[in-house]
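S.K.: Below is the structure, and that's it, no one-letter string:
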């Protein structure tokens, strides 16, 4: 007997609400007790809706079934002994859908955005190149949709199942900082804080430039008012610039001048 074949096994078929076999359903087992939390098994159904998972250690598991067009489903299954061979057929429920589009701060559609939507059910999808998306497999309640992509600030919206015109706007403004000093510091630390707009993040960035003129960018900002805090080892500045970031003005340049720090008296 091979190592893979040791242990209990679980097999069955997955069906649609109309009892049609479903292909490409992801069936997963996740242990729920103690060290079994670290053990998981995954299988995808074939053309006949059949799955089989082998090599399962005795214990209690959560059995998850996921297909993008149906509600994600969970049930419990237990394996008392290593030789147990269980059969479990699964019938998925039809889920509700929400459709919409994602745009940036200038109103331009954004493709490749990850969408996570949840109410009593959870589902995910990704926007097309034209920024449109449809997320399936949701429950009946109001859903929260969160959109995120690299170089953008995440955004969220709430919508009821059946909605077709949800619009989510990602922050995508860019702050360009131009640093000027006759004898520049070698290490800079910046913290970008929002003023009065709680949903915008505080951003921080450490740099190592050592050039008379240096440039740095904070990307993926939402519209709002920001304050820049600057610190540099061995240098000081009185500048704490405050500026506005708007969707139509995405690049800002701030000139900063450092001077050697005054030694304590």
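M.R.: All right, it came through fine. Model, not experiment: these values are computed from the prediction. Numbering: from 1, shown residues only.

S.K.: distance of residue 111 from residue 69?
M.R.: Distance from residue 111 to residue 69, counting by C-beta to C-beta, to the nearest Å: 22 Å. The C-beta positions use only the backbone N, C-alpha and C, and glycine is treated the same way.

S.K.: Ok, residue 156 next?
M.R.: 23 Å.

S.K.: Residue 150 too?
M.R.: 28 Å.

S.K.: And residue 161, by the same measure?
M.R.: Distance from residue 161 to residue 69, by C-beta to C-beta: 14 Å.

S.K.: name the helices or strands packed onto the host helix or strand of residue 229?
M.R.: Secondary structure from DSSP states H and E places residue 229 in strand 224-232. Applying 3 or more C-beta pairs under 8 Å, 6 or more residues apart in numbering; DSSP states H and E, one finds that strand 224-232 contacts strand 188-194, strand 242-245.

S.K.: export these to JSON lines and tack on distance to residue 55, mean pLDDT and mean neighbour count?
M.R.: Shown next, in JSON lines, are those (distance: least, C-beta to C-beta, whole Å; pLDDT from 0 to 100; neighbours: other C-beta atoms under 10 Å):
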{"stretch": "strand 188-194", "distance to residue 55": "50", "mean pLDDT": "73", "mean neighbour count": "18"}
{"stretch": "strand 242-245", "distance to residue 55": "54", "mean pLDDT": "78", "mean neighbour count": "15"}
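
S.K.: how about the ones you listed in CSV, adding distance to residue 130?
M.R.: CSV is the format used below for the helices and strands packed on strand 224-232 (distance: least, C-beta to C-beta, whole Å):
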stretch, distance to residue 130
strand 188-194, 31
strand 242-245, 26
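
S.K.: List the beta-bridge partners for the most centrally placed residue in the chain.
M.R.: By C-alpha atoms, centre = their mean, the chain has its centre lying nearest to residue 148, at 5.5 Å. Residue 148 forms beta bridges with residue 114, as assigned by DSSP bridges.

S.K.: for it, what are its contacts?
M.R.: 113, 114, 116, 154 (C-beta atoms under 8 Å, 6 or more residues apart in numbering).
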